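Undergrad: Provided below are the primary sequence and the corresponding predicted coordinates.
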Amino acid sequence: AQTVTQSQPEMSVQEAETVTLSCTYDTSESNYYLFWYKQPPSRQMILVIRQEAYKQQNATENRFSVNFQKAAKSFSLKISDSQLGDTAMYFCAFGEGTYKYIFGTGTRLKVLA
Amino acid sequence: DSGVTQTPKHLITATGQRVTLRCSPRSGDLSVYWYQQSLDQGLQFLIQYYNGEERAKGNILERFSAQQFPDLHSELNLSSLELGDSALYFCASSHPPGGAGDYGYTFGSGTRLTVV
C-alpha cells in the first residue's frame, strides 16, 4: 500500500527567508503524481504545486518549487522569499491510477515577521 | 470560490443522530471524493464516486454511506453519530479523462461537524 510520510510536524522561518518541507513516499507504481496542498487557518485546501513522476524536471510555481528524487522516493517543497501569508499547514499527497490521493500528516509552517 | 460547493458549512448535532452533508462538484467534473480530517490530523479518504458509480472505498465506517446523483452532486450520510465523528469533512472533485492526477483535486471549503 502506498504511504506518505512528512517527518516535520512543525517548522518556522523568518519572513523573506527560504524553507524546505520534506516528504517521502512509498509505492511500487512507476507512474504517479505528487502534490503539495496548503491549508491556511481558513481550512480551505489549496493546491500549491504538482509533479508528474515521469517528468524528470522539477515543477516550479512562482516562489514554490519541488525537489523530486524518484529513486529516493522523496518530494520536498521549497518556499523562497517566505511571506506571512505562507503560514499554513502543508500536506504532501500521492495519487495514482485509482485516482484517490494519500495524504501525509502535514507540516505546520509558521512565517515569522 | 473553488467551484466545489459544500453545505452546510457548520453542523452541530447530538450523539446518535443522523446528518447529511452535500457536495456539488465543479462544473464538468465527474468524480467526487469525500475525505475526513479530524482535529490537527491529515486527510483520510472515505469514498469516491465517478459519474454516479462508486469507484473506490477507503476506511469508511458502516455507519457512513454516500451516493452521487444524476446531476452529479453527492451526499454523505453519517448515522448513529459518536463524539469521535466530530471532524472537518471535505468534498473534492476532479476532471477526466486522466483522473485526479492530471489536474489535481479541487476541494470544497468543508463541512465542520461537531457532535455533542
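TA: Noted; the coordinates are in hand.

Undergrad: What's the first helix or strand after the helix or strand of chain B with the lowest mean pLDDT?
TA: When each helix and strand of chain B is scored by mean pLDDT, DSSP states H and E, helix B:100-103 comes last, with a mean of 56. Downstream of helix B:100-103, the first helix or strand assigned by DSSP states H and E is strand B:106-107.

Undergrad: And the residue most central in space within chain B, what's its pLDDT?
TA: Nearest residue to the geometric centre of chain B (CA atoms, centre = their mean): residue B:34, 3.0 Å. You'll see residue B:34 listed with a pLDDT of 96.

Undergrad: which residues does it bridge with?
TA: residue B:47, residue B:91 (DSSP bridges).

Undergrad: partners of the nearest residue to residue A:8 once chain neighbours are set aside in the sheet?
TA: Leaving out its chain neighbours, the residue that sits closest to residue A:8 by CB to CB, 6 or more residues apart in numbering or on different chains is residue A:107, at 4.8 Å. Every C-beta, even on glycine, is put in place using the N, C-alpha and C of the backbone. When assigned by DSSP bridges, residue A:107 has beta-bridge partners residue A:90.

Undergrad: Would you quantify the distance from residue A:107 to residue B:116?
TA: For residue A:107, the distance to residue B:116 equals 31 Å [CB to CB, to the nearest Å].

Undergrad: Now do the helix or strand where residue A:68 lies: which elements does it pack against?
TA: Element membership of residue A:68, judged by DSSP H and E, is strand A:64-69. Applying 3 or more CB pairs under 8 Å, 6 or more residues apart in numbering or on different chains; DSSP states H and E, we find strand A:64-69 packed against strand A:33-39, strand A:46-52, strand A:74-79.

Undergrad: pLDDT wise, what is the residue minimising distance to the centre of chain A at?
TA: When CA atoms, centre = their mean is applied to chain A, the residue found nearest the centroid is residue A:36 (3.4 Å). Residue A:36 is assigned 96 on the pLDDT scale.

Undergrad: What of residue B:99?
TA: 50.

Undergrad: With residue B:91 instead?
TA: So, for residue B:91, pLDDT stands at 96.

Undergrad: same thing with residue A:86?
TA: 97.

Undergrad: So for it, what's the nearest residue that isn't a sequence neighbour?
TA: residue A:111 (5.1 Å).

Undergrad: Tell me the buried residues in the helix or strand containing that neighbour?
TA: Using DSSP H and E, residue A:111 maps to strand A:107-112. Residues A:107, A:109, A:111 are the ones in strand A:107-112 that count as buried (16 or more other CB atoms under 10 Å in any protein chain shown).

Undergrad: what's the distance between the lowest-mean-pLDDT helix or strand in chain A and the middle of its chain?
TA: The weakest-scoring helix or strand in chain A, judged by mean pLDDT, DSSP H and E, is strand A:101-103 (a mean of 89). Going by CA atoms, centre = their mean, to the nearest Å, the spacing between the C-alpha centre of strand A:101-103 and its chain's C-alpha centre is 12 Å.

Undergrad: Stretch A:37-45 too?
TA: Stretch A:37-45 sits 13 Å away from the centroid of its parent chain (CA atoms, centre = their mean).

Undergrad: Good, wrapping up.
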